[in-house]
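>>> this is the structure alone, sequence omitted:
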């Protein structure tokens with residue numbers, strides 16, 4: 001592939017075939033396309049493989065990412081086929097328990113622990129994508145060239161017979177070029193991203209030589225080979241580190257670490273699989289659907305943006321598999337970038353908003369990678385001194401109440417909280433340490449005026465939202481910036497906090513989402529936020545908090561928003577109107 005960065009001379013073509021091109025139709029590309037369309041943009045997706053992969057890679061998702069899939073309109077359907085609230089545990093070679101993670105709380109409205117079968121997930125996402133008139137999917141088309149200019153990206157793509165997802169050389173038909181144009185391009189084309197390579201963007205980190213064997217199993221009809229393996233287990237066996245992972249529909253995955261003396265060829269033989277599996281299951285009761293030796297990387301791209309081209313998912317960062325966050329990192333990318341592109345294209349936001357995609361997401365992705373590498377070391381160490389230290393420290397931690405909850409509730413997991421000075425939003429108080437600005441608001445259980453349970457995000461829709469604590473926020477706000485944002489206005493009351501009696505009579509004002517909390521969770525969060533009755537909370541489309549202001553200070557939020565949505569430059573304005581700069 002070749003890339004050219006053009007200067008954008010006068011007379012340039014500004015007619016667009018789509019607002020955004022998405023390259024790649026894996027979980028990141030699928031989610032990106034859904035969210036871009038849900039937020040009002042037109043999308044063309046180019047995928048070089050004519051058929052879907054059909055094999056499981058990712059196996060786990062969390063509550064934060066299910067909330068994002070809720071925004072994409074697919075969460076309920078994909079979640080119906082998941083194993084939920086599954087404990088995750090670290091065990092010794094003899095099966096004795098080292099530590100167990102289980103979290104019944106649902107701060108974001110979904111279970112924290114969810115295990116799925118990836119082909120089903122992708123099939124649902126792709127099928128539902130076909131229902132969106134804003135999206136055009138072109139399978140069997142490979143990008144061979146793209147040219148950027150001041151107003152957009154022009155892509156050349158040709159027919160492709162694919163590469164069998166890395167099993168063969170890519171087969172292209174050079175005689176079938178098509179040229180299309182969009183305002184932006186998002187590369188979701190995986191760890192071997194041709195877009196990233198064409199831009200000359202390097203990746204920094206570690207490429208691990210350590211090899212693992214993955215074996216995916218399907219239970220044979222009339223058998224129950226996995227009934228004794230109910231939980232996800234990291235088996236900390238110094239002789240054979242192992243992962244045992246339940247999956248839906250009578251499926252199961254095992255992973256075994258190879259020694260340096262082991263050969264890849266031997267471990268991809270059926271006899272080796274039978275020998276390893278016989279430690280856990282009756283091999284005659286299962287069918288092997290995949291057996292593959294792989295290595296893994298912990299890498300992050302040096303840059304995630306090149307003018308109008310962005311990297312997302314594995315094209316931007318590669319996370320080892322040991323905490324199940326590789327796919328989820330790409331889903332978080334899609335949430336973060338999609339609303340920013342929509343605001344720039346549709347609502348006149350400053351182009352600088354797009355720079356916060358990397359500044360917000362990169363530190364979180366790096367933290368997840370570090371945690372994954374740490375868990376790899378915990379599971380796979382073979383040094384006697386390290387094993388003794390691991391077992392003693394974990395055992396001691398489980399006996400101390402605060403540390404026990406830190407481990408058992410996975411409080412070590414990086415939080416959806418952006419670093420001060422890196423995010424789109426007002427600064428936190430007390431030198432950036434206290435406050436909820438730049439953090440993800442929980443999806444608190446709510447009750448509608450009709451008394452029905454409702455989900456916060458469903459009530460607030462896809463765009464900006466303004467919550468008044470016990471007050472209609474429209475009565476205390478009025479800056480012109482709200483005309484551009486067209487937010488959803490909402491009045492919220494803590495549980496039991498709505499005024500009652502004759503003095504409170506009157507209908508809910510039109511155009512207002514009027515809800516009550518159905519638990520004490522909202523009251524606790526408002527205390528954390530420093531928000532009392534009369535306070536106003538501005539939520540970004542990804543439900544991170546932009547601002548919390550007290551009565552008399554609401555103009556501060558309006559000023560901050562006005563700066564973000566200041567008039568675009570003359571060049572950007574002409575691009576948005578489809579006029580040459």
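Yep, that arrived. None of these values were measured; they are calculated from a predicted model.
>>> what's the offset of stretch 385-405 from the middle of its chain?
31 Å (CA atoms, centre = their mean, to the nearest Å).
>>> buried residues in that stretch?
Of the residues in stretch 385-405, 390, 394, 398 count as buried by neighbour count, 16 or more other CB atoms under 10 Å. Any C-beta I mention is one placed from the backbone N, CA and C, and that applies to glycine too.
>>> pretty sure the second one sits against residue 98.
Yes - using CB atoms under 8 Å, residue 394 makes contact with residue 98 at a distance of 5.1 Å.
>>> shared neighbours, these two?
residue 90 (CB atoms under 8 Å, 6 or more residues apart in numbering).
>>> where's residue 474 relative to residue 489, distance?
Distance, residue 474 to residue 489, using CB to CB, to the nearest Å: 5 Å.
>>> between the two, which has more neighbouring residues?
More crowded of residue 474 and residue 489, by other CB atoms under 10 Å: residue 489, with 20 against 16.
>>> just checking, that one touches residue 513?
Yes - between residue 489 and residue 513 there is a contact under CB under 8 Å: 6.9 Å.
>>> related to what we said a few turns ago, overlap in contacts of residue 474 and residue 489?
residue 512.
>>> quick revisit: among the buried residues of stretch 385-405, which one sits closest to residue 336?
Sorting the buried residues of stretch 385-405 by distance to residue 336 puts residue 394 at the head of the list, at 33.8 Å, by CB to CB.
>>> does that closest one count as helix, strand or coil?
Recorded secondary structure, residue 394: helix (DSSP: H, G, I helix; E, B strand; the rest coil).
>>> got the contact list for residue 518?
Residue 518 makes contacts with 445, 446, 447, 453, 495, as judged by CB under 8 Å, 6+ apart.
>>> may I see the buried residues of stretch 469-486?
For stretch 469-486, by 16+ other CB under 10 Å, it's 469, 470, 471, 472, 473, 474, 476, 477, 481, 482, 484, 485.
>>> report the two of those residues separated the most.
It's 470 and 484 that sit farthest apart of the buried residues of stretch 469-486, by CB to CB, at 26.6 Å.
>>> tell me where the longest helix sits in this structure.
If you go by DSSP state H, the chain has its longest helix at helix 352-380.
>>> tell me the mean pLDDT for that helix?
The average pLDDT within helix 352-380 is 95.
>>> again, but for stretch 59-69
On average, stretch 59-69 scores 97.
>>> and it, how far from the chain's centre?
How far stretch 59-69 lies from its chain's middle: 7 Å, per CA atoms, centre = their mean.
>>> what's it in contact with?
Contacts for stretch 59-69 (CB under 8 Å, 6+ apart): 31, 35, 75, 78-79, 82, 106-118, 232, 245, 247, 253, 324, 327-328, 331-332, 334-335, 416, 440, 443, 457, 542-543.
>>> before we move on, back to that, please flag which of the buried residues of stretch 469-486 sit within helices.
481, 482, 484, 485.
>>> without its sequence neighbours, what residue ends up closest to residue 132?
Counting by CB to CB, 6 or more residues apart in numbering, residue 37 is the residue found nearest to residue 132 once chain neighbours are left out, at 4.6 Å.
>>> neighbours of that neighbour, just the number please.
23.
>>> and residue 447, by the same measure?
When neighbours are counted by other CB under 10 Å, residue 447 comes out with 16.
>>> other SSEs contacting whichever helix or strand it is part of?
Here residue 447 sits within strand 446-448, counting by DSSP states H and E. In this structure, strand 446-448 packs against strand 453-454, helix 456-460, strand 512-517, with contacts taken as 3 or more CB pairs under 8 Å, 6 or more residues apart in numbering; DSSP states H and E.
>>> what lines up beside the shortest one in the sheet?
In this case it means strand 453-454. Sheet pairing for strand 453-454, assigned by DSSP bridges, gives strand 446-448 (antiparallel).
>>> any chance you could list what contacts the partner strand?
So strand 446-448 is contacted by 453, 454, 455, 456, 459, 492, 514, 515, 516, 517, 518 (CB under 8 Å, 6+ apart).
>>> so for the last one, what pLDDT did the model give?
For residue 518, the model assigns a pLDDT of 94.
>>> the fifth one now?
Note for residue 459: predicted pLDDT of 96.
>>> disregarding residues adjacent in the polypeptide, which is nearest to it?
Counting by CB to CB, 6+ apart, the residue nearest residue 459 is residue 513, at 5.0 Å.
>>> roughly how far does that neighbour sit from residue 456?
Applying CB to CB to residue 513 and residue 456 gives a distance of 10 Å.
>>> compare these two (neighbour count), which wins?
When residue 513 and residue 456 are compared for neighbours, residue 456 comes out ahead with 25 against 20, by other CB under 10 Å.
>>> quick one: residues contacting that one.
Going by CB under 8 Å, 6+ apart, residue 456 touches 109, 441, 443, 444, 446, 515, 543.
>>> narrow those residues to those in strands?
Among the contacts of residue 456, DSSP state E puts 446, 515 in strands.
>>> and the contacts of residue 456 as a markdown table, adding neighbour count?
Formatted as a markdown table, the contacts of residue 456 follow (neighbours: other CB atoms under 10 Å):
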| residue | neighbour count |
| --- | --- |
| 109 | 19 |
| 441 | 24 |
| 443 | 23 |
| 444 | 24 |
| 446 | 25 |
| 515 | 22 |
| 543 | 22 |
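>>> which of the contacts of residue 456 has the weakest pLDDT?
Minimum pLDDT across the contacts of residue 456 is recorded for residue 444, with 93.
>>> pretty sure that one sits against residue 519.
Yes - when contacts are counted by CB under 8 Å, residue 444 is listed as touching residue 519 (7.1 Å).
>>> show me which pair in the contacts of residue 456 is furthest apart.
The span of the contacts of residue 456, defined through CB to CB, is set by 515 and 543 at 14.9 Å.
>>> what residues go with each domain of this structure?
Per automatic domain parsing, the domain ranges recorded for the chain read 2-83+109-204+300-377, 446-564.
>>> highest mean neighbour count out of the ones you listed?
Neighbour counts (mean count of other CB atoms under 10 Å) averaged over each of the domains of the chain peak at domain 2-83+109-204+300-377, with a mean of 20.
>>> tell me how far that domain is from the chain's mean position?
With CA atoms, centre = their mean, you get 11 Å for domain 2-83+109-204+300-377.
>>> what about residue 276, how many residues close to it?
Count around residue 276 with other CB under 10 Å applied: 17.
>>> residues in contact with the helix or strand where it lies?
Residue 276 is part of helix 270-277, with elements assigned from DSSP H and E. By CB under 8 Å, 6+ apart, the list of residues contacting helix 270-277 from outside reads 213, 215, 217, 240, 254, 256, 266, 283, 286, 288, 291.
>>> mind listing what the closest residue to residue 262 other than its chain neighbours touches?
Excluding the flanking residues, the one nearest residue 262 by CB to CB, 6+ apart is residue 211, at 7.5 Å. Contact analysis of residue 211 by CB under 8 Å, 6+ apart lists 257, 258, 262, 264, 267, 293, 294, 295.
>>> which regions of the stretch 301-450 of the chain sit below the pLDDT cut-off?
By pLDDT under 70, the weakly predicted segments of the stretch 301-450 of the chain are 430-433.
>>> distance of residue 25 relative to residue 371?
From residue 25 to residue 371 the distance is 28 Å (CB to CB).
>>> now residue 455
When distance is defined by CB to CB, residue 455 is 29 Å away from residue 371.
>>> likewise residue 318?
Taken as CB to CB, the span from residue 318 to residue 371 is 14 Å.
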